[in-house]
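Student: Next input, structure requested:
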Amino acid sequence: MKLIYKFDWEIECLAKQRENLAVIGSKLTGNVWDGWVSIINYGENQYHQVAANRFESGMRCGAWHGGKLYVGADNGDVYCFNQDLSIAAKASLHNDSVASIDKKGQNIVSADSYEIIVWDQSMNFQFSMQNADTSHLKLYDNHSILSIGNDVRIWDIRSKESKAILNLSGNAVDMRLVDSSLFIAQEDGLILQIDLRSENCINQWNVDHLLSSIEVIGSSFAIGTQQGDLLLYDYGNSQLQTSTALHKDQIRSLLFTGSEILTGSLDRTLKSYHI
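Tutor: Reported below is the predicted structural model:
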């Protein structure tokens, strides 16, 4: 385990593109949440912060696309940043806190508790889909969006219609899309695997912890818990491999870089765990 950075704010999201790692989070000052974004250049286990900026609204999600970083804010704004964190574009697209952002091809999508908005790389509004109870979303292909709220739902971008494929029994805290498999981690310790071709849940695992994040690494899960532990779980054999007390508060985001797992926590630290 290696401490990379100790920030002055709580980490909510990690996003990487090539050698650039974006660390996104918030800080409560009095009764006001400020947002923070940091860009860290990394390679060969060397990390160097190259830019950091504060914003007047909390921030929880972000994604890279075409060398630009797109970040959603609690006040409904969506920012497009250059790699030095100068603002390339900004749009007030949402009426509620932006919970999730994803990108694929020419499409970028963002979601709040009420609607999903589809827009292009230049921050031009394309259209929105209403009544979308969404805490997490992924673009499955150029025509389909996966959203998770009380259920797992597939949205057709062309028709703007959706269908539910699974009702969830608990609060979903994270999701990962690997080929045609969607992995969902629930707060109560249940992890689901949905085959998107058949639209059926084909596997589930119970982990005896309160979960906060997940990453898929081959035939294993890296799991962040609300207590700050990092679990490595062999889902092929349904066996817990290791449990490491890594943070003092919940691990909000996990990223696998090829040789290590990066962990971002509400305890304001960014750490790496070599595997």
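Student: Just the buried positions in stretch 39-46, please.
Tutor: Going by neighbour count (16 or more other CB atoms under 10 Å), the buried part of stretch 39-46 is 39-40, 42. C-beta: built from backbone N, CA, C; applies to glycine.
Student: Lowest-confidence one in those?
Tutor: Across the buried residues of stretch 39-46, the bottom pLDDT score, 83, is held by residue 42.
Student: That residue sits in which helix or strand?
Tutor: In the assignment (DSSP states H and E), residue 42 maps to strand 32-43.
Student: so after that strand, what's the next helix or strand?
Tutor: strand 46-55.
Student: Direction included, what does that next one pair against?
Tutor: If you go by DSSP bridges, strand 46-55 pairs up with strand 32-43 (antiparallel).
Student: re the thing from before, distance between the strand holding residue 42 and the chain's centre?
Tutor: With CA atoms, centre = their mean, to the nearest Å as the basis, strand 32-43 stands 15 Å off its chain's centre.
Student: can you check stretch 173-186 too?
Tutor: The chain centre lies 11 Å from the centre of stretch 173-186; the measure is CA atoms, centre = their mean.
Student: likewise stretch 13-29?
Tutor: The answer for stretch 13-29 is 10 Å, by CA atoms, centre = their mean.
Student: ok, and what's touching the strand holding residue 42?
Tutor: In this structure, residues lying in contact with strand 32-43 by CB atoms under 8 Å, 6 or more residues apart in numbering are 4-5, 7-9, 19-28, 47-59, 62, 69, 71, 73-74, 81, 83-85, 257, 270.
Student: Filter those residues down to the buried ones.
Tutor: Buried among the contacts of strand 32-43 by 16+ other CB under 10 Å: 4-5, 7, 9, 20-27, 51-52, 55, 57-59, 62, 69, 71, 73-74, 81, 83, 85, 270.
Student: these two touch, right, residue 173 and residue 211?
Tutor: Yes. Contact status for residue 173 versus residue 211: in contact at 5.7 Å, counting by CB atoms under 8 Å.
Student: Overlap in contacts, these two.
Tutor: 185-187.
Student: just those now: which is nearest residue 119?
Tutor: Nearest to residue 119, judged by CB to CB, of the shared contacts of residue 173 and residue 211 is residue 185 at 27.6 Å.
Student: So which residues make contact with the helix or strand in which the closest one is found?
Tutor: In this structure, residue 185 is located in strand 181-186 according to DSSP H and E. The set of residues external to strand 181-186 that reach it, using CB under 8 Å, 6+ apart, is 138, 146, 148, 152, 168-177, 191-196, 211, 213-214, 216, 221, 223.
Student: rewinding a little: can you flag the buried ones in the shared contacts of residue 173 and residue 211?
Tutor: 185-186.
Student: List just the nearest of the shared contacts of residue 173 and residue 211 to residue 14.
Tutor: Comparing those against residue 14 with CB to CB places residue 185 closest, at 15.7 Å.
Student: Helix, strand, or coil at residue 159?
Tutor: coil (DSSP: H, G, I helix; E, B strand; the rest coil).
Student: And it, what's its pLDDT?
Tutor: As predicted, residue 159 sits at a pLDDT of 91.
Student: same deal with residue 18?
Tutor: 88.
Student: any idea how far residue 139 is from it?
Tutor: 20 Å (CB to CB, to the nearest Å).
Student: next one: residue 103
Tutor: 7 Å.
Student: who touches both of those two?
Tutor: What both residue 103 and residue 139 touch, as defined by CB under 8 Å, 6+ apart, is the set residue 109.
Student: more neighbours, those two?
Tutor: Neighbour totals were compared for residue 103 and residue 139, and residue 139 leads with 21 against 18 (other CB atoms under 10 Å).
Student: How about the contacts made by that one?
Tutor: 102-105, 107, 109, 145-146.
Student: Which among these count as buried?
Tutor: 102-104, 107, 109, 145-146.
Student: Among those residues, name the ones in helices.
Tutor: Among the buried ones among the contacts of residue 139, no member falls in helices (criterion: DSSP state H).
Student: Cool, thanks, talk later.
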